[in-house]
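*Asks:* okay, sequence plus prediction incoming.
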Amino acid sequence: MRILALETSCDETAAAVVEDGRTILGNVVFSQIDLHALYGGVVPEIASRAHVEACDRVIDQALREAGLTFDGVDALAVTCGPGLVGALLTGVSCMKGLAYALGKPLVPVNHIEGHIAANYLTSPELTPPFLCLVVSGGHSHLVWVPDYATYTLLGQTRDDAAGEAFDKAARVLGLPYPGGPRVDALAEEGDPLAFSLPEPRVEGRYDFSFSGMKTAFLNLVNQLEMRGEPLPKADLAASFRHAVVESLVRKTMLAAREKQVPALALAGGVSANRALRRRMTEACREAGIPLYLPRLDLCGDNGAMIASAAYWRFLRGETAPLTLNAVPGLRLIREV
Ligand code: KG4
Ligand code: ZN
């Protein structure tokens, strides 16, 4: 079963062909970073236009990489939410058109479940049930995955997503967009205990909060700047990263222990964070819980993860009518 998927929820136009939800045959990601860097963040209108221009090319390239034509594809898949509405709409329209023209079924995929599925591509031995921490630019979710394409939300951020917090910290330090990877790289040379940032207090047992930490960081940098000395940027980056990562690890391990989960996985752009990968590995080793980390090139947005997630939905007969719409606030379906 070969699925051709398109992902256009934010600033990556990505297409891929995946076989049986596990094997990547072709995977092409066109990043729009250069187009948005000038503005310090993603400009939705520019993203939509760039997707329209790039869709056909990335699909052609993914098929070429897979050595296939449309005839060799059994089904199509597309991210229908959550994300930027205009960006999502370009992908949904493109794939609806293809589905109609080719007479092939179209599978709608939630972007967050796509991130989770990156683990099926990386680790062929991974099967549900497992707990997954999804940390991206738009989401910080703690998701229980009892079965393929079945999800229960255990916790989520009350304010900023982890990636958003990293991006804001980067801005405060004067680092260019996208800031998360730059804060991570700079943090490698700094002392994580140089500055302490407040531990967030949230009501939900497995919920996160990063907004207080971000404000405290901004105040700290302002105070240091007022002294007129050069900013210890590496120490600041390391301290901020430490605070975010410790909070993510603490809450995730609390849920893992209390729910006695058989395995844990990370997903989303922030799962590329070096400190998060190291600390989770340590914590899981101590707790005796197997940990699954997505391949670095599959942490960020890509089409392969969407094609993988679509496979499990397709097996259950879930296809979309041609009235499928983009849903910017699409929730991860809660089923037990
Ligand atoms: O999953 P993703 O590519 O897109 C969304 O679905 O949002 O995640 C992008 C986010 C950005 O906020 C980016 O700064 C962050 O992931 N990110 C990182 C790292 N690599 C990407 N944050 C911290 N450390 C990294 N190494
Ligand atoms: Zn994403």
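*Replies:* Alright, I've got the coordinates. Numbers count the residues shown, from 1 in each chain. Ligands and ions are numbered 1, 2, ... in the order given.
*Asks:* tell me how many other residues crowd the residue of the stretch 201-336 of the chain found nearest ligand 1.
*Replies:* The nearest approach of the stretch 201-336 of the chain to ligand 1 comes at Gly269, 2.1 Å away (CB to the nearest ligand atom). No exception for glycine: its C-beta is placed from N, CA and C like everyone else's. Applying other CB atoms under 10 Å, we find 25 residues neighbouring Gly269.
*Asks:* same check, this time on Ala283
*Replies:* 17.
*Asks:* what helix or strand is the closest residue in space to Leu322 that isn't next to it in sequence on?
*Replies:* Excluding its sequence neighbours, the residue lying closest to Leu322 (CB to CB, 6 or more residues apart in numbering) is Lys96, at 5.5 Å. Applying DSSP states H and E as the criterion places Lys96 in helix 85-102.
*Asks:* quick one: list the elements packing against that helix.
*Replies:* Judged by 3 or more CB pairs under 8 Å, 6 or more residues apart in numbering; DSSP states H and E, helix 85-102 is in contact with strand 2-7, helix 44-66, strand 75-81, strand 106-110.
*Asks:* could you pull out the helices in the stretch 201-336 of the chain for me?
*Replies:* 211-226, 233-258, 274-287, 303-315 (DSSP state H, counting those that start in this stretch).
*Asks:* okay, these in a markdown table with distance to Ala326 next?
*Replies:* Listed next are the helices of the stretch 201-336 of the chain as a markdown table, based on distance: least, CB to CB, whole Å:
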| stretch | distance to Ala326 |
| --- | --- |
| helix 211-226 | 28 |
| helix 233-258 | 29 |
| helix 274-287 | 30 |
| helix 303-315 | 14 |
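*Asks:* ok, back up a step: is any part of the helix holding Lys96 close to ligand 1?
*Replies:* No - Helix 85-102 stays clear of ligand 1 (CB under 6 Å from any ligand atom), getting no nearer than 11.2 Å.
*Asks:* run the contact check for that helix versus ligand 2.
*Replies:* No - using CB under 5 Å from the ion, helix 85-102 never reaches ligand 2; the gap is at least 11.6 Å.
*Asks:* before we move on, what about stretch 21-40?
*Replies:* No - applying CB under 5 Å from the ion, one finds stretch 21-40 separated from ligand 2 by no less than 11.5 Å.
*Asks:* now swap in stretch 167-182 and tell me
*Replies:* No - under the criterion of CB under 5 Å from the ion, stretch 167-182 makes no contact with ligand 2; the nearest approach is 11.8 Å.
*Asks:* didn't Val135 look like it was pressed against Glu164?
*Replies:* No - contact criterion CB atoms under 8 Å: Val135 and Glu164 do not qualify, at 10.2 Å.
*Asks:* more neighbours, the two?
*Replies:* Val135 (32 against 22).
*Asks:* which one is that one nearest to, not counting chain neighbours?
*Replies:* Leaving aside its chain neighbours, Val135 sits nearest to Val270 (3.7 Å; criterion: CB to CB, 6+ apart).
*Asks:* in the stretch 1-150 of the chain, which residue sits nearest ligand 1?
*Replies:* Nearest residue of the stretch 1-150 of the chain to ligand 1, counting by CB to the nearest ligand atom: Gly137, 2.8 Å away.
*Asks:* what's the burial count for that residue?
*Replies:* 24.
*Asks:* get me the contact residues on the stretch 51-200 of the chain for ligand 1.
*Replies:* When proximity is defined as CB under 6 Å from any ligand atom, the stretch 51-200 of the chain approaches ligand 1 at Ser136, Gly137, Gly138, Gly163, Glu164, Phe166, Asp167, Pro178, Gly179, Gly180, Pro181, Asp184.
*Asks:* helix or strand: which one has the last one?
*Replies:* Spelled out, it's Asp184. Counting by DSSP H and E, Asp184 is part of helix 179-187.
*Asks:* flag every buried residue along that helix.
*Replies:* Of the residues in helix 179-187, Gly179, Gly180, Pro181, Arg182, Val183, Asp184, Leu186, Ala187 count as buried by neighbour count, 16 or more other CB atoms under 10 Å.
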